[in-house]
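**Q** Give me a model of this one.
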Amino acid sequence: MRNLKPILAGCLLLLAFSGPKAQDAVSYQTPPKEIAELLLAKPTPGVRIDSKAEWMLLSERNSYPTVEELGQPEIRIAGLRLNPNNYSPSRQSFVNDFRLKNIKSNQEFPIAGLPAGMLAGAATWNPSETKIAFTNTTGSRVDLYVIDIASKKATKINKQPLNAVLGQSYTWVDDNTLLYKTATQPATNAAKRPITPKGPTVQQNLGKAAPSPTFQDLIKSPYDEQLFEFYATTQLVQNKNGVETNIGKAGLISSFSISPDKKYMLVRTIKKPFSYLVTANGFPSTVAITDLTGKVVKVLAELPSTEGTPSGYDNTQNVARAFDWRDDEPATITWAMPLDGGLIKTNVEYHDAVYALSAPFTGEAKELFKTKMRYAGTTWGDASLSLVAEISRTKQMNRVSRFNTATGAMELLYERNQTDAYNNPGSPVLTRNKFGRPAIQTTDNGTKILMNNTTGSSPKGDLPFLAKFDLAGKKNEIIWRCQEGVFEVVEDVIDADKLVLLTRRESQKEVPNYYIKNLVLRMADKAITSFVNPYPQMEGVTKEKIKYKRADGVDLTGDLYLPKGYNKEKDGPLPVLMWAYPREFNSAADAAQVRGSKDRFTAISWASPIFYVTQGYAVLDNAEMPIVSTGPDKKPNDDFVAQLQLNAEAAINKLVEMGVGDKNRMAVGGHSYGAFMTANLLAHTNLFKAGIARSGAYNRTLTPFGFQNEDRTYWQAPKLYYEMSPFSYADKIKTPILLIHGEADDNTGTFPINSERLFAAIKGNGGTVRFVFLPYEAHSYRGKENLLHMLWEQYQWLEKYVKGGK
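**A** Residues are numbered from 1 along each chain as shown. Predicted coordinates for the structure are as follows:
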């Protein structure tokens with residue numbers, strides 16, 4: 001490959017045979033032409049539209065960075081991955097070009113003044129939508145640009161480089177004022193790692209429980225602490241019409257937000273000691289209200305490290321959390337406090353209380369309401385209407401209540417199982433209130449709420465809808481629903497009274513495009529984009545949503561792709577690649593619900609298995625793999641392996657029954673938890689000829705405080721952890737398995753050692769296994785050469801062990 005450092009000449013492949021060639025480095029390979037072209041197809045532009053549907057910002061992205069770009073210097077500390085030269089995250093996706101389009105005239109305009117070689121972050125409109133701000137990242141700094149819509153020109157506005165280490169780097173204050181975090185020193189001033197440390201790194205615990213997920217990239221030494229403090233220190237700066245003014249003192253500012261009346265800020269500042277067990281988001285911190293000069297008005301909380309959070313998904317620390325501004329008042333801060341000591345199993349009627357404190361913040365906080373489950377946030381409306389969300393992750397339940405801010409009354413509107421997609425009423429449509437903040441869009445003289453369901457699950461598949469939720473009757477009245485044969489979703493409500501909508505529509509053959517739709521006048525929809533199909537190689541491929549039952553009666557579905565020109569009578573059954581990701585359910589009825597739509601355009605990402613339909617394979621994507629609780633005293637994972645087998649057998653039987661799948665040429669694969677599934681299926685069944693497992697966790701004892709939706713610890717359920725771990729049964733894995741892992745995996749739980757150890761275990765027991773270690777890749781892969789090679793590896797594996805394995 002061109003322009004690659006010598007060290008990047010290939011990726012490390014560990015091969016499953018002994019002898020001198022067992023650990024050769026292999027040069028990068030490329031898959032068949034059709035697969036490579038699908039991967040590298042230029043994506044359709046991103047679209048951002050103002051609330052009046054007058055202007056559209058089109059953003060263009062390149063497909064994938066090179067491995068050389070991934071291999072640039074990187075610091076991994078406090079759960080962060082940073083570029084040490086420019087105070088920004090080292091792994092980002094950038095926009096490479098912007099264009100403006102006037103929707104009424106249908107004219108497109110280039111934007112003058114964009115930086116050469118632009119690597120732009122997400123763009124945001126100013127309050128009146130006359131300007132657009134975006135960051136641009138170079139090798140040495142991050143700058144802030146503003147696009148003026150009228151002149152169609154971009155201008156760099158900052159003198160001091162921005163600091164994006166801890167996330168949110170800027171926000172609009174008003175139409176001409178931005179607030180942003182800046183670096184306080186040149187990056188070259190960072191301390192160099194000493195060859196000889198002052199002493200060993202020592203950690204201790206003095207009798208307090210500190211269960212924690214297995215985070216990656218944590219602080220590991222005093223030197224790491226020093227680096228974190230250096231890179232995370234920021235200075236808030238106000239930029240008004242191009243004039244920069246420092247706001248307050250420099251510090252470890254994690255987040256900041258402006259009050260609705262623009263007179264105060266809510267600021268969270270990290271403080272020492274830094275944790276070696278949790279990420280920066282869990283470090284001790286001070287939450288305070290300041291004025292716009294940075295002067296502290298009120299310290300709201302001194303929060304401890306989250307190390308002490310009790311295990312269990314609905315448990316929380318016994319401290320204040322969820323600090324936020326009320327959107328419907330000038331300057332009122334709200335937060336939640338547990339009433340159960342943070343332990344959800346405590347027998348109390350209410351588990352959380354939410355409090356409020358208004359400017360000038362000198363009085364006592366007022367209790368607003370209490371919740372019977374964990375408080376999950378408030379969507380504010382007006383004096384008589386706000387929506388309060390509660391959640392129970394363990395029970396897979398959520399509920400939404402109406403809160404009357406004037407009377408303090410709470411009234412339950414609906415409660416449902418989170419996995420019950422059919423009865424999801426949608427999310428409230430939001431408008432802007434007098435402060436320019438999001439507010440609930442009511443209709444019919446305030447008696448109903450507009451609700452947008454962008455999925456719209458139904459027995460016929462996903463059919464998104466717009467509805468009016470009757471607050472008195474507590475029922476949803478659907479006023480528009482996507483027609484069968486297409487997939488159309490409401491992106492925005494432009495005019496709630498006239499029901500003018502912005503929608504995105506697609507079908508199997510039509511690439512997603514945007515339309516203006518008028519539900520009152522029922523005029524013909526106005527197309528405002530005309531993107532074309534980036535995947536001509538897929539023309540003629542058929543897609544079908546198939547339905548089938550597993551042996552215990554649970555209904556299942558999957559998306560079946562068949563090759564162009566395939567005729568089962570003439571061509572016979574095909575080799576099959578089945579791709580899946582297990583999900584846990586407390587309800588068999590919810591598990592049986594249809595998910596997805598046969599009418600969506602097939603967009604192909606690097607992670608997709610659909611590439612192989614171009615090579616003569618039937619591909620069953622999104623094959624449902626529900627893991628269902630089988631009794632009131634049982635949890636879904638109590639029958640994990642047995643239910644995986646039921647799911648896989650049902651899918652195989654359906655494909656064979658249809659005459660499109662060859663029972664003797666089946667492969668299974670998945671990424672992350674799907675890889676965990678794959679290894680388990682190969683360890684416990686003989687249903688498949690081969691497996692592909694990418695970036696999985698295979699030894700659950702390495703995630704002892706829970707994983708996925710399992711909140712029991714290893715010490716509470718050691719047998720479960722052992723039996724769910726395919727590593728425990730590595731001696732039984734005789735079906736050929738291809739293991740792929742990013743050598744820089746950053747996902748909680750899926751440390752690369754999982755694949756290293758499973759490979760060694762299978763190899764040590766005489767199995768057939770190949771291990772591909774992709775340089776510089778995290779949990780989600782990005783490097784162009786790595787992705788092409790990964791697709792080649794998967795193709796070769798399927799060709800050798802599945803297509804030719806009859």
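
**Q** who are the neighbours in contact with residue 43?
**A** 61, 63, 534 (C-beta atoms under 8 Å, 6 or more residues apart in numbering). In this view, the C-beta of every residue, glycine as well, is placed from N, C-alpha and C.

**Q** ok, it to residue 803 distance?
**A** According to C-beta to C-beta, to the nearest Å, residue 43 stands 30 Å off from residue 803.

**Q** next one: residue 613
**A** Here residue 613 is placed at a distance of 13 Å from residue 803 (C-beta to C-beta).

**Q** same question, residue 629
**A** Taken as C-beta to C-beta, the span from residue 629 to residue 803 is 38 Å.

**Q** number of nearby residues for residue 251?
**A** When neighbours are defined as other C-beta atoms under 10 Å, residue 251 has 18 of them.

**Q** Nearest residue to it in space, please, no chain neighbours.
**A** Take residue 251 and drop its neighbours on the chain: the residue closest to it by C-beta to C-beta, 6 or more residues apart in numbering is residue 269, 5.1 Å away.

**Q** The one you found is in contact with residue 288, isn't it?
**A** Yes - between residue 269 and residue 288 there is a contact at 7.2 Å, judged by C-beta atoms under 8 Å.

**Q** contacting residues around residue 723?
**A** Applying C-beta under 8 Å, 6+ apart, we find residue 723 in contact with 640-641.

**Q** Now the element after the host helix or strand of it, going C-ward?
**A** Element membership for residue 723, per DSSP states H and E: helix 718-724. For helix 718-724, the following helix or strand on the C-terminal side (DSSP H and E) is strand 737-742.

**Q** That following strand pairs with which strands?
**A** If you go by DSSP bridges, strand 737-742 pairs up with strand 690-694 (parallel), strand 769-774 (parallel).

**Q** what does whichever helix or strand comes after it contact?
**A** The element immediately downstream of strand 737-742 (helix or strand, assigned by DSSP H and E) is helix 753-764. Under the contact criterion C-beta under 8 Å, 6+ apart, helix 753-764 has outside partners 14, 16, 679, 693, 695-699, 702, 726-727, 730-731, 733, 737, 739-741, 768-769, 771, 773.

**Q** Now for the nearest residue in space to residue 307 that is not next to it in sequence: which residues touch it?
**A** Spatial nearest neighbour of residue 307, chain neighbours left out: residue 210 (4.3 Å); criterion: C-beta to C-beta, 6+ apart. Applying C-beta under 8 Å, 6+ apart to residue 210 gives the contacts 277, 307-308.

**Q** per-residue pLDDT, residue 210?
**A** On the pLDDT scale, residue 210 is placed at 86.

**Q** how close does it get to residue 275?
**A** Distance of residue 210 to residue 275, given as C-beta to C-beta: 9 Å.

**Q** Spit out the residues that contact those two alike.
**A** Overlap of the contact sets of residue 210 and residue 275 (by C-beta under 8 Å, 6+ apart) consists of residue 307.

**Q** so after the lengthiest helix in the chain, what's the next helix or strand?
**A** If you go by DSSP state H, the chain has its longest helix at helix 640-658. The C-terminal neighbour of helix 640-658 among helices and strands, as given by DSSP H and E, is strand 661-671.

**Q** can you give me how far that following strand is from the chain middle?
**A** Mean-position distance between strand 661-671 and its chain equals 28 Å (C-alpha atoms, centre = their mean, to the nearest Å).

**Q** Quick one: mean pLDDT over it.
**A** For strand 661-671, the mean pLDDT works out to 98.

**Q** So what are the sheet partners of that strand and their directions?
**A** Partners of strand 661-671 in the sheet, by DSSP bridges, are strand 574-580 (parallel), strand 690-694 (parallel).

**Q** would you put the C-alpha positions of the shortest one in CSV?
**A** Spelled out, that is strand 690-694. Extracted as CSV, the C-alpha positions of strand 690-694 are listed here (Å, rounded to 0.1, in the frame of the first residue of the first chain):
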residue,chain,number,x,y,z
ALA,A,690,-17.6,-22.4,10.2
GLY,A,691,-17.8,-19.3,12.4
ILE,A,692,-16.6,-15.7,12.3
ALA,A,693,-16.1,-14.0,15.7
ARG,A,694,-15.0,-10.3,15.8
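
**Q** picking up where we left off before, residue 613 and residue 803: which is more packed in?
**A** residue 613 (28 against 20).

**Q** Report the contact partners of the closest residue to that one other than its chain neighbours.
**A** Spatial nearest neighbour of residue 613, excluding adjacent residues (C-beta to C-beta, 6+ apart): residue 561 at 4.4 Å. Under the criterion of C-beta under 8 Å, 6+ apart, the neighbours of residue 561 are 541-543, 602, 610, 613, 618-621.

**Q** Just give me the closest of the residues you listed to residue 664.
**A** Comparing those against residue 664 with C-beta to C-beta places residue 618 closest, at 13.5 Å.

**Q** beta partners for the closest one?
**A** residue 576.

**Q** Tell me which residues touch it, please.
**A** For residue 618, the contacting residues are 560-563, 574-577, 655, 660-661, by C-beta under 8 Å, 6+ apart.

**Q** give me that answer again for 10 Å
**A** Applying C-beta atoms under 10 Å, 6 or more residues apart in numbering to residue 618 gives the contacts 560-563, 566, 568, 573-578, 612, 655, 658, 660-662, 665-666.
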